[in-house]
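Engineer: What shape does this take:
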Amino acid sequence: MVNFILAFLLVLNFSFAHSVQYSVNNQKAIVIKIFFADGTPFSYEKYEIYSPDNIKVPYQVGRTDQYGRVIFIPDRTGNWTIKAFSEDGHGIIKKIHINNISTIHENPQQFSYLLKIFIGVLIILSVYLLFYLSIRREKIEKAD
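Structural biologist: Got it, this is the predicted structure:
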């Protein structure tokens, strides 16, 4: 019985490590479209965004999308700095003033995660019950 409990705890521990969750939120975001002088999008180029409070460590890094867009959701008002550079040396450094931020609403999917754990526990207990009943039946048949 102790081995079963240890195995159960081990399986439960690994179930937390292998779960990936996500949520979809509808929020107001800042969209910056970067393009060359001829109108060609600044596609798939590196960018960095710096918050008003920290100009040394980037708030967000990444690459522009196919259309040269950088999209981010600021967490405070103030002057945000966007730096974008291509490998051939073209780029921009712009300050954008954000004076109104949207409210962030998280929609965690915790119920589905707990449901998976509950179903896993039920399966383990069902297998244990079948194993226990099988051994008990063999003992009763041997006694007769």
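Engineer: just the helices in this protein please.
Structural biologist: 2-17, 110-143 (DSSP state H).
Engineer: Lowest average pLDDT across these?
Structural biologist: Sorting these by mean pLDDT places helix 2-17 lowest, at a mean of 61.
Engineer: Identify the residue nearest residue 67 in space, chain neighbours excluded?
Structural biologist: residue 41 (5.0 Å; Cβ to Cβ, 6 or more residues apart in numbering). Every residue, glycine included, has its C-beta placed from N, CA and C.
Engineer: where does the spatially most central residue of the chain land on pLDDT?
Structural biologist: Central residue check for the chain by Cα atoms, centre = their mean: the C-alpha nearest the mean position is that of residue 22, 5.5 Å away. You'll see residue 22 listed with a pLDDT of 70.
Engineer: Can you give me the distance of it to residue 58?
Structural biologist: 23 Å (Cβ to Cβ, to the nearest Å).
Engineer: now swap in residue 26 and tell me
Structural biologist: In terms of Cβ to Cβ, residue 26 sits 26 Å off from residue 58.
Engineer: These two: who's more crowded?
Structural biologist: residue 58 (15 against 8; other Cβ atoms under 10 Å).
Engineer: surely the more buried one meets residue 48?
Structural biologist: Yes - counting by Cβ atoms under 8 Å, residue 58 touches residue 48, with 4.3 Å between them.
Engineer: Pull the CA coordinates from stretch 48-68 and hand them back as PDB.
Structural biologist: Output of stretch 48-68 as PDB, limited to C-alpha atoms (Å, rounded to 0.1, in the frame of the first residue of the first chain):
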ATOM      1  CA  GLU A  48      13.200  45.700 -28.300                       C
ATOM      2  CA  ILE A  49      10.700  47.700 -26.300                       C
ATOM      3  CA  TYR A  50      11.800  49.500 -23.100                       C
ATOM      4  CA  SER A  51       9.400  50.600 -20.400                       C
ATOM      5  CA  PRO A  52       9.400  54.100 -18.900                       C
ATOM      6  CA  ASP A  53      10.800  52.700 -15.600                       C
ATOM      7  CA  ASN A  54      13.700  50.600 -17.000                       C
ATOM      8  CA  ILE A  55      15.600  51.700 -20.100                       C
ATOM      9  CA  LYS A  56      18.400  49.100 -19.600                       C
ATOM     10  CA  VAL A  57      16.500  45.900 -19.500                       C
ATOM     11  CA  PRO A  58      13.900  45.300 -22.400                       C
ATOM     12  CA  TYR A  59      10.300  44.900 -21.500                       C
ATOM     13  CA  GLN A  60       9.700  42.900 -24.600                       C
ATOM     14  CA  VAL A  61      12.000  41.500 -27.400                       C
ATOM     15  CA  GLY A  62      11.100  39.700 -30.600                       C
ATOM     16  CA  ARG A  63      10.800  40.100 -34.300                       C
ATOM     17  CA  THR A  64       8.300  42.100 -36.400                       C
ATOM     18  CA  ASP A  65       5.600  40.100 -38.200                       C
ATOM     19  CA  GLN A  66       5.100  39.700 -41.900                       C
ATOM     20  CA  TYR A  67       3.600  43.200 -42.200                       C
ATOM     21  CA  GLY A  68       6.300  44.900 -40.100                       C
END
